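Asker: What follows is a protein structure lacking sequence information:
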């Protein structure tokens, strides 16, 4: 029902448990490409796994602790952005993203993240937003940079994946630094 | 973040637990006028009561069983529309509304309900939508009529209020009958 | 332990989770015949399904929101009657029934429903009792009529079954109309 | 709705959360006299306390783990009997009772307990039923004796009350020993 | 992290859900020998069954209602002791044990139980501790006796096992009787 | 029951809900001094607040997600150390501490943290342990340094306190770096 245009043929919408089939199909198209860069629970298998993830976020939304949004391009769910966490108490939120390979390179994620940050700083009174990514995930770091974030730290060997351990970066942007481009 | 324009200065948005203060203020401005026509639990007192209502709907939304939307006019929450219930299993949903007196007479509720029905029939595959109201609530019945609904029954003395008992009307519209005006 | 005689060889008793095996056997004997007329969750398969249904009603009974009773004939559970819902707040309850084909034609359900209505109006202060059935379920409508209920409405295409959609009737009787025959 | 006659003017019925007011009134008439002999949680204060106790038992009944029954005399709830616990797994149950002073001396409790034991041994397949009481509660021990139970042990200083500690008796009767008198 | 030496090569430690694999291995080595003497739920199969038992006790510990401890000998979990129940309200607790055959005969259980009783009486203000065992479990009764407990009762046919029914003993010791040997 | 000596007159023990009164007294003696440096929920008021915190940690311990330990000096609870979080899945844990002013300067916290890290790396297979503190909390940073941790980042204005916002430091140590001094 609700939609924010991101480009001529793409828009941002809320992503709810009833989208389980679309979300499962989206994950099927990007599971292998995003698996190294997102949490293991996010890339659950099948429609039931997809619904479980969506329900977990919907329940967190009911507690005002997280939120999930999808990006549709030409009517197909191709990825999304999310508040991994959001705390009114501390004024700190963390945002993140995922995207199918075929939809990359169009600035969809950066545009969608700007909507999240506008809302977080402009409507919700957040003081600070974070972005966490594997230190060797250049694409993800580039998004943080495009959002005007500052690299504030690198936690060593904190990201386990397929038997190895990777460093993680923490990026941050403050409400005082945020201006909608 | 999301908004659908209803008129020049009014729009429909999702209504979440974090809106508790705005919702409480809205209820304060319309509690007396809507009390006879809505469920007793809906007109809870104070910010905590408002948050409890919003949380109940957010939890129901996580189960895909109900949904709540607010109507903002000139930046103020003046009322809203809702899926009182929504069942994928039976294909039946019930919609409803509430509004501050000062915002009446602009067609806001009817417009907002059309958005709900478009979504229910067009995106969610609902087969039938209902509208329940007190039989002596002429304004409410008029909305149902404007939405193209048919009066299907009157359940006698089924609505208790302030010590008396009122008849209730059940209106319905089918997906085959729905055309966005 | 408790029993109310309905006829010479039949009686009404509370139906609890520990009756799961008897209830499963009863459902096995009537699943096909009642499936078109009752909710899908009611005709669950197996002893575990039967226990789940009985537990759901026992939990609802603990909240004073529903109640389930069995009809035993010659020591065999052949069907039952229930408060599908019961609300002290609104003073409205809905009753229903199910029965094995072999036990039909003896007035068991009508007699049992009279016990429910006596209790609802006489002991629990209910103001109104409802009966919902498919509009093409003549036997069920006949029970409502024998109970002195009035047909108050027909909700169109509200009852999905095996791919088709059927109209539903709502019957009602008020405490002021109820007299034990 | 259900009732088993115990004497000319007394009967045994299920005792449910909706009886909270009657139960609270009953407790008000016997709190002082039963307080030394029953668990502290049973003699809760007020209608809310009474409802909490009844709800706890109704929830346990839904799990087939306990059951509560009231004794009404001349239409007034004067006490009751209960399955403190009941385990299909072990075949062991424990029964108990409470009674207003004004209703004592009529054999109501003994009669009611016989109904419980008939049901436990005859319908539920219990192997053994227990009765626990303070060792200095002669009236209670007399009920156990009248029910044909055997004193099997005395646990020392296991019953705290008002700052002192009392011995407790454990009585038991086996299904092989039970015959309805 | 924490350990109390019991003998030269054995010690008592807390036993937590993360020990599930060790506990499962321990159960595999003693399931057949302890099965007749402990509750059926305790000898669950597999690592998942072991974790379920450990989690149940950890949750009970969070409610201050039970506690579980393991006995490690030469670095291997060989058995343990537990508070089956512990009630601050009544001042009564029940203790118990299990042990692999290979570790028997070294006084490990008796020593470990003394630690429990020292803590129960000395730190937690318990008034009374109980020991329940099958009446034909001479080894278990011997532990109770070594702990200075008194046999207070024998409940007949209260312990079902493999189709037969056994008597159970209840032993007890009071805080006034307890002296650390 | 369990204790690890830290100094001649101080020891580390598990801290459970039943310690609520001791913990509340400890908090009363250090609330003002630790308030700027710990989470708001930790310094809850009264015995009920203290019990709520202890219960939250005991429940988290049952899920193997956090753990709480107290430091007793001359028999008085003067502070403690904790696993704020612990994840077997990622191999990452975070530790923390609190202490009464009167007990400072004796190395109690550093010694206690070494016990936690020995256990985390030696027994639980953790790969990495973190320490988070306000950037202007020199004493806390000094503990991290003494534990051999590396300062890996400073998240700007992430710590709200009394209307202002402070930077936070993230320190980390890897299992490969850990050697018990």
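Answerer: That came through fine. Computed from a predicted structure; not experimentally measured.
Asker: Measure how buried residue A:156 is and give me the count.
Answerer: The number of residues packed near residue A:156 is 18, by other C-beta atoms under 10 Å in any protein chain shown. All C-beta atoms are positioned from the backbone trio N, CA, C, and that covers glycine.
Asker: In space, what's closest to it - neighbours in sequence excluded?
Answerer: Spatial nearest neighbour of residue A:156, chain neighbours left out: residue A:167 (5.3 Å); criterion: C-beta to C-beta, 6 or more residues apart in numbering or on different chains.
Asker: Check for me that that neighbour belongs to a helix.
Answerer: No: the assignment for residue A:167, made by DSSP: H, G, I helix; E, B strand; the rest coil, is strand rather than a helix.
Asker: doesn't residue A:153 make contact with it?
Answerer: No: between residue A:167 and residue A:153 there is no contact under C-beta atoms under 8 Å: 10.1 Å.
Asker: So for those two, which sits in the more crowded spot?
Answerer: Shown here are residue A:167 and residue A:153; by other C-beta under 10 Å, residue A:153 has more neighbours (18 against 14).
Asker: Now find how far off-centre the one helix or strand that one maps to is within its chain.
Answerer: Element membership of residue A:153, judged by DSSP states H and E, is strand A:150-161. Centroid separation for strand A:150-161 versus its chain: 17 Å, with C-alpha atoms, centre = their mean, to the nearest Å.
Asker: Quick one: list the elements packing against that strand.
Answerer: Secondary-structure packing of strand A:150-161 (3 or more C-beta pairs under 8 Å, 6 or more residues apart in numbering or on different chains; DSSP states H and E): strand A:164-174, strand F:128-134, strand F:150-161, strand F:164-174.
Asker: which one of these lies closest to residue C:147?
Answerer: strand F:150-161 (64.1 Å; C-beta to C-beta).
Asker: Flag every buried residue along that closest one.
Answerer: By neighbour count with 16 or more other C-beta atoms under 10 Å in any protein chain shown, strand F:150-161 contains the buried residues F:152-153, F:155-160.
Asker: how about the helices of chain A, start to end?
Answerer: A:20-34, A:46-62, A:108-122, A:138-146 (DSSP state H).
Asker: Name the surrounding residues that touch the last one.
Answerer: Helix A:138-146 has contacts (C-beta atoms under 8 Å, 6 or more residues apart in numbering or on different chains) with A:37, A:97, A:104, A:109-110, A:113, A:131, A:133-135, A:151, A:169, A:171.
Asker: Quickly name whichever of those residues is closest to chain B.
Answerer: The shortest approach to chain B among these belongs to residue A:113, at 12.2 Å (C-beta to the nearest C-beta).
Asker: For chain E, what is the nearest residue in chain A?
Answerer: Going by C-beta to the nearest C-beta, chain E is nearest to residue A:160 of chain A, at 17.7 Å.
Asker: any bit of stretch A:110-121 sitting next to chain B?
Answerer: Yes: Stretch A:110-121 is in contact with chain B by C-beta under 8 Å from any C-beta of the partner chain, via A:115-116, A:118-119.
Asker: Which of those residues sits closest to residue F:92?
Answerer: The nearest member of the residues of stretch A:110-121 next to chain B to residue F:92, counting by C-beta to C-beta, is residue A:116 at 26.1 Å.
Asker: Need the nearest residue in space to that closest one, chain neighbours excluded.
Answerer: Per C-beta to C-beta, 6+ apart, closest to residue A:116 is residue A:95, 5.3 Å.
Asker: So what sits opposite that neighbour in the bridge?
Answerer: In this entry, residue A:95 is beta-bridged to residue A:83, residue A:131, by DSSP bridges.
Asker: List the residues that contact it.
Answerer: Contact analysis of residue A:95 by C-beta under 8 Å, 6+ apart lists A:81-84, A:113, A:116-117, A:120, A:129-131.
Asker: again, only this time at 6 Å
Answerer: If you count contacts by C-beta atoms under 6 Å, 6 or more residues apart in numbering or on different chains, residue A:95 has them with A:83, A:113, A:116, A:129.
Asker: isn't the first one right up against residue A:69?
Answerer: The reference is to residue A:83. No: checked against C-beta atoms under 6 Å, the pair residue A:83 and residue A:69 is beyond contact range at 8.7 Å.
Asker: So for the two, which sits in the more crowded spot?
Answerer: Between residue A:83 and residue A:69, residue A:83 has the larger neighbour count (other C-beta under 10 Å), namely 25 against 22.
Asker: Would you mind putting the helices of chain A into JSON lines with distance to residue E:21, mean neighbour count and mean pLDDT alongside?
Answerer: What follows is the helices of chain A, written out as JSON lines (distance: least, C-beta to C-beta, whole Å; neighbours: other C-beta atoms under 10 Å in any protein chain shown; pLDDT from 0 to 100):
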{"stretch": "helix A:20-34", "distance to residue E:21": "30", "mean neighbour count": "18", "mean pLDDT": "97"}
{"stretch": "helix A:46-62", "distance to residue E:21": "26", "mean neighbour count": "19", "mean pLDDT": "97"}
{"stretch": "helix A:108-122", "distance to residue E:21": "42", "mean neighbour count": "20", "mean pLDDT": "97"}
{"stretch": "helix A:138-146", "distance to residue E:21": "36", "mean neighbour count": "16", "mean pLDDT": "97"}
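Asker: will you turn those into TSV that also has distance to residue F:56?
Answerer: Shown next, in TSV, are the helices of chain A (distance: least, C-beta to C-beta, whole Å):
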stretch	distance to residue F:56
helix A:20-34	32
helix A:46-62	18
helix A:108-122	28
helix A:138-146	33
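Asker: Chain neighbours aside, what residue packs nearest to residue A:67?
Answerer: Nearest one to residue A:67, counting by C-beta to C-beta, 6+ apart, is residue A:83 at 4.4 Å.
Asker: How about the contacts made by the residue in chain A positioned nearest to chain D?
Answerer: Relative to chain D, the nearest point of chain A is residue A:59 (24.3 Å; C-beta to the nearest C-beta). For residue A:59, the contact set (C-beta under 6 Å, 6+ apart) comprises residue B:62.
Asker: Quick check: the residue of chain A closest to chain E vs residue D:4, distance?
Answerer: Separation of residue A:160 from residue D:4 (C-beta to C-beta, to the nearest Å): 65 Å.
Asker: Equivalent analysis for residue A:68, please.
Answerer: Separation of residue A:68 from residue D:4 (C-beta to C-beta) stands at 57 Å.
Asker: more neighbours, the two?
Answerer: residue A:68 (22 against 15).
Asker: Can you report how many residues lie near the residue of chain A found nearest chain C?
Answerer: Closest contact between chain A and chain C, by C-beta to the nearest C-beta, is at residue A:18 (17.7 Å). Residue A:18 has 18 neighbours, counted by other C-beta under 10 Å.
Asker: That one reaches residue B:63, doesn't it?
Answerer: No: the criterion here is C-beta under 6 Å, and residue A:18 misses it with residue B:63 at 10.1 Å.
Asker: farthest pair in the contacts of helix A:138-146?
Answerer: A:104 and A:151 (22.2 Å).
Asker: And for stretch A:68-83, what's in contact with it?
Answerer: With C-beta under 6 Å, 6+ apart as the test, stretch A:68-83 has contacts from A:9-13, A:15, A:22, A:26, A:57, A:66-67, A:93, A:95-100, A:103, A:108, A:112-113, A:116.
Asker: need the helices and strands packed on strand A:150-161 in a markdown table with mean pLDDT, can you?
Answerer: Shown next, in a markdown table, are these (pLDDT from 0 to 100):
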| stretch | mean pLDDT |
| --- | --- |
| strand A:164-174 | 98 |
| strand F:128-134 | 98 |
| strand F:150-161 | 98 |
| strand F:164-174 | 98 |
